[in-house]
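> fold the following.
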Amino acid sequence: MPLSRITQVLSQELEELRSEGRAKGKEFIVVDVKKPQNGKGPRFFLKGYGDKEFIRMNSNSYLGMQFNDEVIKAEEEAARKFGVGPGAVRFISGTYVTHRDLEKRLARFHQREDAMIFSSAYMTVVGIISSLTTPETGIISDELNHNCIINAIRLSRPKERYVYKHLDYDDLENGIKSLIGKVKRVIVVTDGVFSMRGDYANLKKIEEITSKYDEKFEENIITIVDDSHGVGAFGDTGRGTEEVTGGKADLLIGTMGKAYGVNGGYVVSSEVITTYLREKAITYIYSNPITPSEAASVLKVLEIIDSDEGKKKLSHLKEMAKRFREGLLNLGYETVVSEHPIVPLLVRDTKKTVELVNYLVENGILATAINYPVVPKGDESIRFQINADHTPSDIDYVLEVLRHYKEKNN
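Down below sits the predicted model:
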């Protein structure tokens, strides 16, 4: 079939996205990488840009582990032993020793009884929330939670739902009180670190509030925290938002595709909960796991994080994030107060955000425009992400480019 009518409709919608400045556009294609040298971090080469070098300021690889020689060696050795793919889902014959070793290691890392790994953090969130939601469940969610949480709630179709104002714990408490007598089970779900802003949930406060009302619900209040941007990158030892705030989630979700520099998602919790999820989570049961070699490489990453080298990387990451955030403020730009390596530059205008990102690209800097509907109108920003392989020279160069832009446009 020619699909002429649907093609016309889709083309019109694409044009509307472009005209409003909301289209993501063509993706940059990385064709080569130059390793760090001469006081500079890694440089990236893009298709269509010849020998122009780029500083990547929009990478989730917070610790730079994707280029670590020990991690690469661990993955290569496991791939030679087990092959490049698992060949099956977990319950058939796709569970390898490195998968289970990694789950045990993640459980110890987060001081939990057990862990289970998924193909991605997105699939972890969807699988968990849909599995734990019954016809007698109410879900309470921060208004700025990630897209994966929003879609997981839609898929789960809880009896009641309540969205509380961002980081407003009085409103969270109001939400809990509004569900008393209406549901048997309550799920309170939040990001640990919020991916567009770099601010983070006070997990200690959430724990205090949920404990206060837990007895009001027949099947408890369950706290779920997606700390994908926190684990490995936040806290003195990389334990994420729990370490920074002193609170603890009933189910903690993390990713291996950000600070760990590899691929996949995971959850840590009690053994009863993980055993239940292995039987019920559709995104676990019917989807291949990460490769055995990816699991082996994450095991090496966790070993490094818990070493002196890891502590040095985390300390350097924190210093570079502080250097960049303070630099933005000194230049008169607006940002969000936090210690996390996500450092947003708040532009608050879609057109101006796109213009500034294009200027950065012209000057060899990769950064990401965050526009509506990813963020609310008026919160348009550029998300910079500091990595441990950024150097003071890298940070100062980006700040200098931003200084020139501000002078040029004032």
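
> shaky segments in the protein?
1 (pLDDT under 70).

> residue boundaries of the strands in it?
30-34, 43-46, 55-56, 114-118, 137-142, 160-164, 185-191, 221-226, 251-255, 265-269, 342-346, 365-366, 368-370, 381-385 (DSSP state E).

> looking at those, which is nearest to residue 297?
For residue 297, the closest of those is strand 114-118, at 12.8 Å, according to Cβ to Cβ. Just so you know, the C-beta spots here come from the backbone N, C-alpha and C atoms, and that holds for glycine as well.

> with respect to residue 357, which of the strands of the chain lies nearest?
Here strand 368-370 is closest among the strands of the chain (Cβ to Cβ), at 4.5 Å.

> and for that closest one, what's in contact with it?
Under the criterion Cβ atoms under 8 Å, 6 or more residues apart in numbering, residues 58, 196, 344, 353, 354, 356, 357, 380, 381, 382, 383 lie in contact with strand 368-370.

> and residue 367, how many residues sit next to it?
20 (other Cβ atoms under 10 Å).

> what would the strands of the chain look like in CSV with distance to residue 91?
As requested, the strands of the chain are exported to CSV (distance: least, Cβ to Cβ, whole Å):
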stretch, distance to residue 91
strand 30-34, 36
strand 43-46, 39
strand 55-56, 38
strand 114-118, 12
strand 137-142, 26
strand 160-164, 31
strand 185-191, 25
strand 221-226, 23
strand 251-255, 21
strand 265-269, 17
strand 342-346, 36
strand 365-366, 40
strand 368-370, 38
strand 381-385, 36
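
> indicate which one of the ones you listed is closest to residue 313.
For those, the distance to residue 313 is smallest for strand 381-385, at 15.0 Å, taking Cβ to Cβ.

> between that closest one and strand 342-346, how big is the angle?
If you take axes from the mean of the first three to the mean of the last three Cα atoms, to 10 degrees, strand 381-385 sits at 160 degrees to strand 342-346.

> just to revisit the earlier point, would you turn the strands of the chain into TSV with mean neighbour count and distance to residue 170?
Output for those, formatted as TSV (neighbours: other Cβ atoms under 10 Å; distance: least, Cβ to Cβ, whole Å):
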stretch	mean neighbour count	distance to residue 170
strand 30-34	12	45
strand 43-46	17	45
strand 55-56	23	40
strand 114-118	24	33
strand 137-142	24	13
strand 160-164	17	9
strand 185-191	25	14
strand 221-226	26	17
strand 251-255	27	24
strand 265-269	27	28
strand 342-346	24	25
strand 365-366	19	40
strand 368-370	22	28
strand 381-385	24	26
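
> which one of those lies closest to residue 213?
Taking the strands of the chain one by one with Cβ to Cβ, strand 221-226 is closest: 6.4 Å.

> for that closest one, give me every contacting residue.
Under the criterion Cβ under 8 Å, 6+ apart, residues 121, 125, 128-129, 132, 145-146, 148-149, 176, 185-192, 201, 203, 206-207, 210, 213-214, 241-242, 249-253 lie in contact with strand 221-226.

> strands paired with that strand, and their directions?
Applying DSSP bridges, strand 221-226 is found paired with strand 185-191 (parallel), strand 251-255 (parallel).

> now distance to residue 48 too, for the ones you listed, in TSV please.
As requested, the strands paired with strand 221-226 are exported to TSV (distance: least, Cβ to Cβ, whole Å):
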stretch	distance to residue 48
strand 185-191	35
strand 251-255	30
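
> would you tell me which of those gets closest to residue 54?
Among the strands paired with strand 221-226, strand 251-255 sits nearest to residue 54 (Cβ to Cβ), with 24.2 Å.

> how distant is the closest one from the center of its chain?
10 Å (Cα atoms, centre = their mean, to the nearest Å).

> how about residues contacting that strand?
Contacts for strand 251-255 (Cβ under 8 Å, 6+ apart): 106, 110, 112, 120-121, 124-125, 128, 222-228, 230-232, 240, 242, 264-269, 273.

> please save the CA atoms from that strand in PDB.
Output of strand 251-255 as PDB, limited to C-alpha atoms (Å, rounded to 0.1, in the frame of the first residue of the first chain):
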ATOM      1  CA  LEU A 251      12.800  -0.800  45.800                       C
ATOM      2  CA  LEU A 252      15.800   1.100  44.400                       C
ATOM      3  CA  ILE A 253      16.200   1.200  40.600                       C
ATOM      4  CA  GLY A 254      19.500   2.000  38.900                       C
ATOM      5  CA  THR A 255      21.000   1.900  35.500                       C
END
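
> may I see the buried residues of stretch 53-72?
Neighbour counts over stretch 53-72 (16 or more other Cβ atoms under 10 Å) mark 54-66, 68, 71 as buried.

> repeat that for stretch 122-140.
122-133, 137-140.

> now stretch 291-309
Those would be 291-302, 304-305, for stretch 291-309 by 16+ other Cβ under 10 Å.

> using PDB, write out every CA atom in it.
What follows is stretch 291-309, C-alpha atoms only, in PDB (Å, rounded to 0.1, in the frame of the first residue of the first chain):
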ATOM      1  CA  THR A 291      25.000  -9.800  27.300                       C
ATOM      2  CA  PRO A 292      27.200 -11.900  29.600                       C
ATOM      3  CA  SER A 293      30.100  -9.700  28.600                       C
ATOM      4  CA  GLU A 294      28.300  -6.500  29.500                       C
ATOM      5  CA  ALA A 295      27.500  -8.000  32.900                       C
ATOM      6  CA  ALA A 296      31.200  -8.800  33.300                       C
ATOM      7  CA  SER A 297      32.200  -5.300  32.500                       C
ATOM      8  CA  VAL A 298      29.800  -3.800  35.100                       C
ATOM      9  CA  LEU A 299      31.300  -6.200  37.700                       C
ATOM     10  CA  LYS A 300      34.700  -4.600  36.900                       C
ATOM     11  CA  VAL A 301      33.200  -1.100  37.100                       C
ATOM     12  CA  LEU A 302      31.800  -1.800  40.600                       C
ATOM     13  CA  GLU A 303      35.200  -3.000  41.600                       C
ATOM     14  CA  ILE A 304      36.800   0.200  40.400                       C
ATOM     15  CA  ILE A 305      34.200   2.400  42.100                       C
ATOM     16  CA  ASP A 306      35.000   0.800  45.400                       C
ATOM     17  CA  SER A 307      38.700   1.300  45.000                       C
ATOM     18  CA  ASP A 308      40.900   4.400  45.700                       C
ATOM     19  CA  GLU A 309      40.800   5.100  41.900                       C
END
